[in-house]
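Colleague: predicted coordinates and the sequence they were generated for:
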Amino acid sequence: MPKEVLQGTLDLMVLRTLETMGPQHGFGLAQRILQISEGILDLNQGTLYPALLRLEQRGWIKSKWGISDNNRQAKFYELTPRGRRQITQETESWELTVSVMDRFLRKAATRKH
Amino acid sequence: MLSRFWNLFRRKRLDRELDAELRYHMESLEAQYRHRGLSAEEARMAARRDFGGAVAVEEAYRDQRGIPMLESLCRDIRFSLRSIRRTPTLTLAVIATLAIGIGANTAMFSIVNGVLIQPLPYPQPDALVAVWHTAQFQGITSNNIRLSSTMYLTYSEQNKTFQQFGLWHAGAASVTGIGDPEEVRALVVTYGTLPAIGVHPAVGRWFSAADDTTAAQETVILSYGYWQRRLGADPAVLGKMITIDSRPRQVIGVMPSGFQFMASDADVILPQRFQGNQLQPNDIHAYVGIARLKPGVSLAEANADVARMLPIWIDKYGTNGAALNAARFAPALRPLKQDVVGDVGRVLWLLMVTIGIVLLIACANVANLLLVRTEGREHEIIVRAALGAGWVQIGRQLFIESIILALSGGIVGLMVAYGGLRLLVAMGPMQLPRLAEVSINSPVLLFAFAVSVTSGLLFGLIPVVRYLMPKSLSLGDALHTGGRTLSLRRQRRDSRNALVVAQVALAVVLLVAAGLMIRSFNALGNVQPGFTAPERIQTVRISIPESEVVEPERTAQMQHDIMERIAAIPGVTSVSFSTALPMETEFEDNIVLTAEDQTYLPGIPPLRRSKSVAPDYFRTLGTPLIAGRDFTWSEIHDHRAVAIVSENMAREMWGEPLVALGKRIRVGRVGLWNEIIGVAGNVYDSGVDQPVPPIVYWRAGVQRGPGIPNAYVPREVTFAIRSGLAGTEEFIKRISEAVWMIDPNLPLARVQTLAEVYDRSMSRASFALVMLAIAGFMALVLGIVGVYGVISYDIAQRTREVGLRIALGAKGWEVRRMFLRRGLAMATIGIVAGTIAAFALTRGMSSLLFGVSPVDPVTYAAVAIVLLVAAGLASYLPSLRATHVNPVDSLRVE
């Protein structure tokens, strides 16, 4: 289980999660990411909350206090228009990275054979 | 970025929000676990475990929120302030020590800055030069040859490098018609002098070329202070008439407030007028030249320009060019600042260095205190390290503590400096030039700040280096505090010892310097100045200007009458007068003297101190007559050509005082021959720290003869009145009544006792003495406190060992001897090192010493003994306490 999540990937995951699920609080985001990654990415809270703050400081998400499903005060995060644009950009660059990485790994793998 | 900056100020609210958010997260986790069937307790535990260290999350979150560097700096500062507050006594001791050290340095620096460093308070001061000449007389070089009026005329007309050029001299003038007649300080200038300085009058105008001629109305410019004091700041003062030296003068201007010309602060400024009979070939060199150089002209170029004009002057005015060449007569222009500052530079820099050393000692002391404190906090530091604080972080925090302490010390030090300066200015030591310009201004503040930070770095570095080398501490040590390794402890003790040794060594240097000054002062005090009981000699200077009384004979008679009136005052033992009393250096006069039976090398014969004195002068001062007799009034009335010489002059010329009697001497090579009728004892006429000048005394009264254009009479004389009442107000009133019975227009100047004149001649030495003594005393106290502190701490650390030793049968004195020996060992090493350093350093102060060698063994021995005794006491006293402790109690410690 990778302890260190690349900063860029975590940002993208959070943004994507907010895009698909709509406004969400920190706990919900952590749960969702854990679920999607099939239990691999159990996010350290020390990583998640600073990341949320960072995204907010960049203006990609915004936060407001609201009422959760269980009727509690919770801080909800949602995407901003700039955040949406960022997803497109990040996705492209991520796909590029993945395709490049993929080629590297494939070559290494073939040589092994 | 901006929002991050604002976040620094909204910390409280943001923290609360974060807490709420994290709590929500945790509770949600808890709820999830309970949902899976865990008990409430188990769910909470599991949630906690999952969540991880809440503190770490908060730290990471905060780092993201603010500006990490600044944020953690603020945190370190807060932490430092907290831990400083936890040890208030130690903090106070540190701040007080630093405040004294930094305060003394700041005060001293503001003096050095105001007097030596700051440019003169005139526009473009770098272009200002003083115009002097240099010449050699009988092998002695003088760089202080003044200008004559004909030189002034030549230089004014012919120069190519001066933008403005003028002459000046300081003097006195009497003002009548405004209250009692008053003697005021006068500055006499040619019309180019004020424009050269570049300071305009606050109202009115400068002198013009016409003011310098005899044709025009006589004029005067007032100083701001005089205008306020005596004319009630009259706004319509321009054009008014004031009677100065019995002649009406029109006020044409008032200088701005705070204006000072060179070091003098004159009440009135008068134009210099050269009258026909003064423009003669053998004109006296009495004036000081001042010039503002044209832009871009260097001092060397200006000197070359004056050298070019000298032959023109010789050709035009027929001065003896051959004699001047033989004397290597040449221009010696120098920056004006050098003239203003004079020779105080050496003393001031010496004192600056001295006070700097005091600060070093103070820093060593503080470093020691901090070492002890850091040692006491070892446990805390190790625990912080174990909890994950990096070494850099801990070091930085310790460092910040030091800087905070240093800056606090600096702030209190500024107050100390302010108070000290007020005190110093009030004392007005040795008439420091430019004292009015000394203030705590921005360069001084910058200096105080720099000194604070530097000392903070100095004493802050030592504990950091000593304690934070990663290998010097380990968690294991921390958990067994008792079990610190012996070698480690010794290593730390060594660094404390080294600091104390350095302190003692520095103290030796300062104490030796102070000791040498005390010895010099003693030697100065033991000098027989050539007069007795100066505190019982009242002096009063009276001038009878030509404008008041024209005829020389009448002037001489008035002086005689005044003397008799004063002699009639009850309580007066004896009275006389002279053109200058001993040590009245501002009135000293030097002439070229030749004796009938002596031969002289080619060139200009040596200059000799010359005075005119009335009968009874030597009796009044208490100067013995070695041979011959005193002047008589009949010799004065009959214009007899007689003279008295000082013992050293008689010995120099004729070997024996008795042989001098009957020999003949004269002024220059044209004057009347005067017969020597007496030889007087030597007098320290230039001050006790200066060589005794050979003096020729002429009789008072009118002089006639070749070389003296008209009948000449000294018009400005100081009366010396020996009386037990000297210095009392009543007595001075009686004197002025006596003088005003002869002429009610005569002001009394220089009303003081000869003792005051005498003390002033020692003021440079006494200023240096007082400052060095203060510095030496501070060094001694700080050094002793250092020894005491280290020994006490050592004893406190070894209470258990001491108890054990005593329990095992060691005698109290044996234990005490152990500590005493350690203190003395440190002191001895310090004294040896300090003595070597003092040997090298005190040579720099030899110009300040009098009658004592810079390696004076008495001083060195005394300093060594004082320090050894003091160090012995400082180590014995704490050991006394240790051995009086009950061994059982001391074994319980720890």
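Modeller: That came through, no problem.

Colleague: my guess is residue B:744 contacts residue B:181, does it?
Modeller: Yes. Judged on C-beta atoms under 8 Å, residue B:744 makes contact with residue B:181 at a distance of 7.3 Å. Backbone N, C-alpha and C define where each C-beta goes, glycine included.

Colleague: higher neighbour count, the two?
Modeller: residue B:181 (20 against 10; other C-beta atoms under 10 Å in any protein chain shown).

Colleague: ok, now which ones touch the closest residue to the more buried one other than its chain neighbours?
Modeller: Once flanking residues are discounted, residue B:181 sits nearest to residue B:747: 4.1 Å by C-beta to C-beta, 6 or more residues apart in numbering or on different chains. Applying C-beta atoms under 8 Å, 6 or more residues apart in numbering or on different chains to residue B:747 gives the contacts B:174, B:175, B:176, B:180, B:181, B:182, B:183, B:542.

Colleague: now the third one: phi and psi?
Modeller: Recorded main-chain torsions at residue B:176 are phi -120, psi 160, according to degrees, to the nearest 10.

Colleague: what about it, neighbour count?
Modeller: For residue B:176, using other C-beta under 10 Å, the count is 18.

Colleague: across the sheet, point out what pairs with it.
Modeller: residue B:243 (DSSP bridges).

Colleague: could you list the low-pLDDT ranges of chain A?
Modeller: A:1-8, A:42, A:44, A:105-113 (pLDDT under 70).

Colleague: which helices and strands does the longest helix along chain A pack with?
Modeller: Longest helix in chain A by number of residues (criterion: DSSP state H): helix A:81-112. When contacts are defined as 3 or more C-beta pairs under 8 Å, 6 or more residues apart in numbering or on different chains; DSSP states H and E, helix A:81-112 packs onto helix A:7-21.

Colleague: packing partners of the helix or strand just after the helix it packs on?
Modeller: In the C-terminal direction, the helix or strand that comes right after helix A:7-21 (DSSP states H and E) is strand A:24-25. On a contact count with 3+ C-beta pairs under 8 Å, 6+ apart, strand A:24-25 meets strand A:73-79.

Colleague: and the residue nearest to residue B:181, how far from residue B:560?
Modeller: When distance is defined by C-beta to C-beta, to the nearest Å, residue B:747 is 19 Å away from residue B:560.

Colleague: inside strands: which ones of the contacts of residue B:747?
Modeller: Here DSSP state E is the test, and the contacts of residue B:747 give B:174, B:175, B:176, B:180, B:181, B:182, B:183, B:542 as lying in strands.

Colleague: ok, so of those residues, who is nearest residue B:465?
Modeller: residue B:183 (66.0 Å; C-beta to C-beta).

Colleague: for that closest one, list each beta-bridge partner.
Modeller: With DSSP bridges as the rule, residue B:183 is bridged to residue B:174.

Colleague: I'd like to know how many residues surround it.
Modeller: 19.

Colleague: tell me who's in contact with it.
Modeller: With C-beta under 8 Å, 6+ apart, residue B:183 has these contacts: B:172, B:173, B:174, B:175, B:541, B:543, B:747, B:748, B:749.

Colleague: identify the farthest-apart pair in these.
Modeller: Most distant of the contacts of residue B:183, by C-beta to C-beta, are B:175 and B:541, 15.2 Å apart.

Colleague: just the pLDDT at the residue nearest to the spatial centre of chain B, thanks.
Modeller: Computing the C-alpha centroid of chain B and ranking residues by C-alpha atoms, centre = their mean puts residue B:348 first, at 4.6 Å. pLDDT recorded at residue B:348 is 85.

Colleague: what residue, apart from its backbone neighbours, is nearest it spatially?
Modeller: Closest to residue B:348 by C-beta to C-beta, 6+ apart is residue B:112, at 5.2 Å.

Colleague: let me see the confidence value for the one you found.
Modeller: The predicted local confidence for residue B:112 is 88.

Colleague: how much space is there between it and residue B:349?
Modeller: Residue B:112 is 7 Å from residue B:349, by C-beta to C-beta.

Colleague: relative orientation of the longest helix of chain A and helix A:7-21 in degrees?
Modeller: On the basis of axes from the mean of the first three to the mean of the last three C-alpha atoms, to 10 degrees, helix A:81-112 is oriented at 120 degrees to helix A:7-21.

Colleague: and residue B:703, how close does it get to residue B:646?
Modeller: Residue B:703 is 20 Å from residue B:646, by C-beta to C-beta.

Colleague: more neighbours: which of the two?
Modeller: residue B:646 (28 against 22).

Colleague: so that one sits against residue B:694, correct?
Modeller: Yes. Taking C-beta under 8 Å as the definition, residue B:646 is a contact partner of residue B:694 at 5.5 Å.

Colleague: for residue B:253, phi and psi?
Modeller: phi -170, psi 160.

Colleague: what sits against it?
Modeller: So residue B:253 contacts B:201, B:202, B:203, B:204, B:205, B:206, B:221, B:222, B:238 (C-beta under 8 Å, 6+ apart).

Colleague: before we move on, back to that, helix/strand/coil for the residue nearest to residue B:181?
Modeller: Classification of residue B:747 using DSSP: H, G, I helix; E, B strand; the rest coil returns coil.

Colleague: please name the nearest non-neighbouring residue to residue B:285.
Modeller: residue B:146 (4.4 Å).

Colleague: that neighbour reaches residue B:288, doesn't it?
Modeller: Yes. Using C-beta under 8 Å, residue B:146 is in contact with residue B:288, at 5.8 Å.

Colleague: and those two? Which one has more around it.
Modeller: Using other C-beta under 10 Å, the more surrounded residue of residue B:146 and residue B:288 is residue B:288, with 19 against 16.

Colleague: so the more buried one lies in a strand, does it not?
Modeller: Yes. Assigned with three-state DSSP, residue B:288 falls within a strand.

Colleague: report pLDDT for it.
Modeller: Value listed for residue B:288 in the pLDDT field: 85.

Colleague: my read: residue B:225 touches residue B:260, true?
Modeller: No. Look at residue B:225 against residue B:260 with C-beta under 8 Å: they stay out of range, at 10.4 Å.

Colleague: of the two, which one has the most company?
Modeller: Remark: of residue B:225 and residue B:260, residue B:260 carries more neighbours, 20 against 15, as counted by other C-beta under 10 Å.

Colleague: tell me who's in contact with the more buried one.
Modeller: Counted by C-beta under 8 Å, 6+ apart, residue B:260 has contacts B:121, B:434, B:436.

Colleague: just the buried residues of those.
Modeller: Among the contacts of residue B:260, those classed as buried by neighbour count (16 or more other C-beta atoms under 10 Å in any protein chain shown) are residue B:434.

Colleague: remind me which helix or strand the closest residue to residue A:17 other than its chain neighbours belongs to.
Modeller: Nearest residue to residue A:17, sequence neighbours excluded (C-beta to C-beta, 6+ apart): residue A:32, at 5.2 Å. Taking DSSP H and E as the definition, one finds residue A:32 inside helix A:26-36.

Colleague: mind saving the C-alpha coords of that helix as CSV?
Modeller: In CSV, the C-alpha atoms belonging to helix A:26-36 read as follows (Å, rounded to 0.1, in the frame of the first residue of the first chain):
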residue,chain,number,x,y,z
GLY,A,26,-13.9,15.5,4.6
PHE,A,27,-14.9,12.2,6.1
GLY,A,28,-17.1,11.4,3.2
LEU,A,29,-14.3,12.1,0.8
ALA,A,30,-11.9,9.9,2.7
GLN,A,31,-14.5,7.1,2.7
ARG,A,32,-15.2,7.4,-1.0
ILE,A,33,-11.5,7.4,-1.9
LEU,A,34,-11.0,4.3,0.3
GLN,A,35,-14.0,2.7,-1.4
ILE,A,36,-13.0,3.5,-5.0
